[in-house]
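Enquirer: Fold the stuff below for me.
(one chain, ligands or ions: 1)
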Amino acid sequence: MQQLALRWKRVGVKIGFVPTMGYLHDGHLSLVREARKRLGKKGMIVVSIYVNPTQFAPTEDLSKYPRDLKRDLQMCRAEGVDVVFTPDDAEMYPRWGEAADKPARGDARPTGYSTYVIEEKLGRVMEGAARPVHFRGVTTVVAKLFNLVQPDVAVFGQKDFQQAAVVKRMAGDLNFPVKIVVAPTRREPDGLAMSSRNKYLAGDLRRQARVLWRAMQAAQAAVKQSNSVPAAKLKANLKKLIESEPAARLDYVEFFEPETLAPVAQVTRGAQMALAVFVGKTRLIDNIRL
Ligand code: AMP
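Expert: Numbering: from 1, shown residues only. Take a look at the predicted model:
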């Protein structure tokens, strides 16, 4: 991949990059379309598909993360993607698990690999607090992928708002010569954000999952009505609303300043809201600018 990218670079070809974990949906494809729009016909679009073990904790859903490479490749082809890069663990984390004290896959301590990239501020709250090794895995794999793919433009989804902020900060702090673009969240007709994990939502859970959207709409309405609402009060109301669905349990809901991710005590227009909700065993995240 790196040699191909360097060859392209030598002849002045621009590279657009969309990193994914596969099991693609229209949210991913909208990022491809955004990359194409930015680069024009002559640019090369690379999509990576890699379920990165270092961003999963041992208790998380790494081994059952949905996969369907054949379908993913068809979707990429139909969208005019030039290269689909599908590295495996041995390529990304050499000599993975070779030693006798083999860490569980997802332990984030792969044998034969010991270099990590850590963003120390934006990645501490919300998803970083709920999933302690998560962003270290994300920044590390994204840095590695940037070195392999050498993109001029990389497109991330607003769906993972904090991830986009952390990646942006990392790319700036470490002087990666790449423009990070953040593209809007694609939703199902009923408001549920598209996600590979929606596959887990069997039967009535799919209906109940709509409560994330309902909670965001309720917050919008509250801010519209009162201009300024105490965050604590809004959080309590939203927890009640969310947990009125029998299978839904609020992990967190936060209101914060979108650039710095600093929490706000009073929620006003322009604040960012992010939430994580377990629906059954599936943990869903979403966010919106109020
Ligand atoms: P994932 O495969 O879930 O790691 O996501 C790969 C990229 O697609 C990330 O930049 C996500 O933010 C983005 N993405 C995932 N779901 C959506 C969506 N519904 N709308 C827009 N982008 C998305």
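Enquirer: May I see the buried residues of stretch 74-85?
Expert: Neighbour counts over stretch 74-85 (16 or more other CB atoms under 10 Å) mark Met75, Cys76, Glu79, Val81, Asp82, Val83, Val84, Phe85 as buried. Backbone N, C-alpha and C define where each C-beta goes, glycine included.
Enquirer: Can you tell me how far the nearest residue to the fifth one once chain neighbours are set aside is from Asp251?
Expert: Taking CB to CB, 6 or more residues apart in numbering, and ignoring the residues beside it in sequence, Asp82 has Met44 as its nearest neighbour in space, at 4.5 Å. In this structure, Met44 and Asp251 are 39 Å apart, going by CB to CB, to the nearest Å.
Enquirer: So the two - more neighbours on which side?
Expert: Using other CB atoms under 10 Å, the more surrounded residue of Met44 and Asp251 is Met44, with 20 against 17.
Enquirer: Got the phi and psi for that one?
Expert: Here is the backbone geometry of Met44 (degrees, to the nearest 10): phi -100, psi 130.
Enquirer: For it, list the residues it contacts.
Expert: Shown in contact with Met44 (CB atoms under 8 Å, 6 or more residues apart in numbering): Trp8, Val13, Lys14, Ile15, Gly16, Asp82, Val83.
Enquirer: ok, now Lys121?
Expert: Taking CB under 8 Å, 6+ apart as the test, what Lys121 contacts is Arg169.
Enquirer: and if you look at the one 4 residues further on?
Expert: The neighbours of Val125, taking CB under 8 Å, 6+ apart as the test, are Gln162, Glu254, Phe256, Leu261, Pro263.
Enquirer: Only alpha carbons, please: show the lowest-mean-pLDDT helix or strand in the chain as CSV.
Expert: Least confident element among the helices and strands of the chain, by mean pLDDT, DSSP states H and E: helix 89-92 (a mean of 92). The C-alpha trace of helix 89-92 is given here as CSV (Å, rounded to 0.1, in the frame of the first residue of the first chain):
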residue,chain,number,x,y,z
ASP,A,89,-3.3,-8.1,12.3
ALA,A,90,0.1,-9.6,11.3
GLU,A,91,0.7,-6.7,9.0
MET,A,92,-0.5,-4.0,11.3
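Enquirer: does the ligand sit close to the next helix or strand after that helix?
Expert: From helix 89-92 onward toward the C-terminus, using DSSP states H and E, the following helix or strand is helix 127-130. No - shown here: helix 127-130 not in contact with the ligand (CB under 6 Å from any ligand atom), separated by at least 11.7 Å.
Enquirer: next helix or strand past helix 127-130?
Expert: helix 134-149.
Enquirer: ok, and what's touching that next one?
Expert: So helix 134-149 is contacted by 1-2, 5, 15, 17, 19, 46, 48, 50, 52-57, 85, 87, 92, 108, 115-119, 123, 127-128, 154, 163, 166-167, 170-171, 174, 176, 178 (CB under 8 Å, 6+ apart).
Enquirer: Filter the residues you listed down to the buried ones.
Expert: 1, 5, 15, 17, 19, 46, 48, 50, 52-57, 85, 87, 92, 108, 117, 119, 123, 127-128, 154, 163, 166-167, 170-171, 176, 178.
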